[in-house]
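Q: I'll drop the sequence and a predicted model, then ask my questions.
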Amino acid sequence: MEKYLWQSGLDFQYLDPDKVKTLQEEALLKHLEYCFAKSPFYRNRFRKKISSIEDFKKLSFTTKDDLLKHNIDFLAVPEVEIVDTCFTSATEGVVPVNFFLTKNDLDRLAYNEEVAFYISGIRKEDTMAVCVAIEKGFMAGLAYFLGGVKLGTHMIRIGASGTQHIWHLIKTHRPTALIGVPSLFGGIANYAISEGEKPESLNIKRILGIGEPLRDKNLQTLPSIKRIEALWNAPIYSTYASTEMSTSFNECEFRQGGHLRPEMIYIEIVDENGNNVPDGEIGEVVVTPLGIEGTPLVRFKTGDISFIIKEKCACGRTTKRIGPVLGRKSQQLKYKGTTLFPNAIVSIVEANPDFLGCYVEVYTADFGEDRVVVNVALANKNADIDKLKEQFRTGIRVVPELKIVSEEDFITKTQPPGKRKRQLFFDLRNKEKINE
């Protein structure tokens, strides 16, 4: 079988951009040919062979709903060639989607993380604690383990359950790097401190943060992330990925966006009308992973809102970068004529030391508009609410409704049992009326 682009042996992080563009577009057309020939879903959708980039950009998008309704029709190989099945985490629903992987797909997954880890400074000499679930069909933990092993790094599969258990294993094995959800590491550090121990004494060199935003649209580190970094005395690097993408975009030592992986995936940023936007403009991330055999996708709408950074990185790599995820398209709020995302609201509250944090609720108001309520927990009983309102005016141009809640309510609401990520947004539109 002819090699896929990721198997070429070329270092795409330092290649001439024009050469990369040519190679990537050739690989994209081969991917489309494969999908037309092998995937029942895309053979029905395409109707004919796609032979140009112009025709590719006219194709309709693939959505999560397509995957839910026609899951088995995305299978592009005989079942005997499937060696693993991963499931999505059903971020916005209760029904996961099956992703069928061949041996080649697993090899691709390992290569993906090997390169991604290297970009973020992980080396063979490191020991990495994988504080991510590897069971229940989750792809993330499996990918991190395979990639670390391929890199030659000592991998410790700790998992994401049980703060006390995780702390004990980290303290026992003394890893040099951690990977997991940032707020999980915040909770682990606070537990250790409550037991009279010092997380910073373990000399962790770096933390790779998944599943939560680390920076704002100006690439500035969020206050909550700075606090976690201080607890461990270690920098946190962003790694952005999803099961559908089967590709990771990791930050380098300069931590100014995740470096793109042109040999692995074709990325578009589109506006509300589905049109491609120029680099630097904000829109929805649309992906076409390359070199996938089991469950190939074309123009999949991720629902993530971000932007492409075209300026050359100070690290010397020639790849463009993807900015932080500013929010989910489904979480986009229209409030008093302004478009905003819950992440922007939360970051303003978390930057103010008078507050422990907040969670955002959105309701449907009387005339169909969004009604945004920010529930804030006080760190200081004399908290300056007027100052917070002014910070909202400066940061997002509007002041949402504010409601003070107890620390207990804040913790209970944002850290429910069994959830690996903090729950900071609750969409109650068209579900219930707000209690006056």
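A: Received, thanks. Numbering: from 1, shown residues only.
Q: quick one: contacts of stretch 80-87?
A: By C-beta atoms under 8 Å, 6 or more residues apart in numbering, the residues outside stretch 80-87 that reach it are 75, 96-103, 105-106, 136-139, 142, 243, 293-294. Where C-beta positions appear, they are placed from N, C-alpha and C, glycine not excepted.
Q: let's go with 7 Å and repeat that
A: Judged by C-beta atoms under 7 Å, 6 or more residues apart in numbering, the contacts made with stretch 80-87 from elsewhere in the structure are 96-103, 106, 137-139, 243, 294.
Q: For those residues, please prepare CSV with the additional fields pLDDT and distance to Gly148.
A: Below are those laid out as CSV (pLDDT from 0 to 100; distance: C-beta to C-beta, whole Å):
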residue, pLDDT, distance to Gly148
Pro96, 80, 25
Val97, 91, 26
Asn98, 94, 25
Phe99, 96, 21
Phe100, 97, 24
Leu101, 98, 18
Thr102, 98, 21
Lys103, 97, 19
Leu106, 98, 14
Gly137, 87, 20
Phe138, 89, 16
Met139, 94, 15
Thr243, 94, 19
Gly294, 98, 22
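Q: Okay, now the unreliable bits of the chain?
A: Judged by pLDDT under 70, the chain has its weakly predicted residues at 1-2, 89-94, 420, 431-436.
Q: closest to Asn343 among the contacts of stretch 80-87?
A: Using C-beta to C-beta, Thr243 is the member of those that sits closest to Asn343, with 21.4 Å.
Q: That closest one and Pro78: what is the separation?
A: 22 Å (C-beta to C-beta, to the nearest Å).
Q: Where do the strands of the stretch 1-150 of the chain begin and end?
A: Under the criterion DSSP state E, counting those that start in this stretch, strands of the stretch 1-150 of the chain are mapped to 82-87, 98-102, 127-130.
Q: And the second one, how far out from the chain middle?
A: Same thing as strand 98-102. 20 Å (C-alpha atoms, centre = their mean, to the nearest Å).
Q: could you say what helices and strands that strand packs with?
A: Applying 3 or more C-beta pairs under 7 Å, 6 or more residues apart in numbering; DSSP states H and E, one finds that strand 98-102 makes contact with strand 82-87.
Q: how about the CA coordinates for the strand it packs on, as PDB?
A: Coordinates of each C-alpha in strand 82-87 appear next as PDB, following Å, rounded to 0.1, in the frame of the first residue of the first chain:
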ATOM      1  CA  ILE A  82     -11.000  -3.500  12.900                       C
ATOM      2  CA  VAL A  83      -8.700  -3.900  15.900                       C
ATOM      3  CA  ASP A  84     -10.100  -1.300  18.300                       C
ATOM      4  CA  THR A  85     -13.300   0.700  18.800                       C
ATOM      5  CA  CYS A  86     -13.300   4.100  20.500                       C
ATOM      6  CA  PHE A  87     -16.300   6.100  21.600                       C
END
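Q: So which of Thr243 and Pro78 has more stuff around it?
A: When Thr243 and Pro78 are compared for neighbours, Thr243 comes out ahead with 18 against 9, by other C-beta atoms under 10 Å.
Q: need the contact list for the more buried one.
A: With contacts defined as C-beta under 7 Å, 6+ apart, Thr243 is in contact with Cys86, Thr88, Phe99, Met139.
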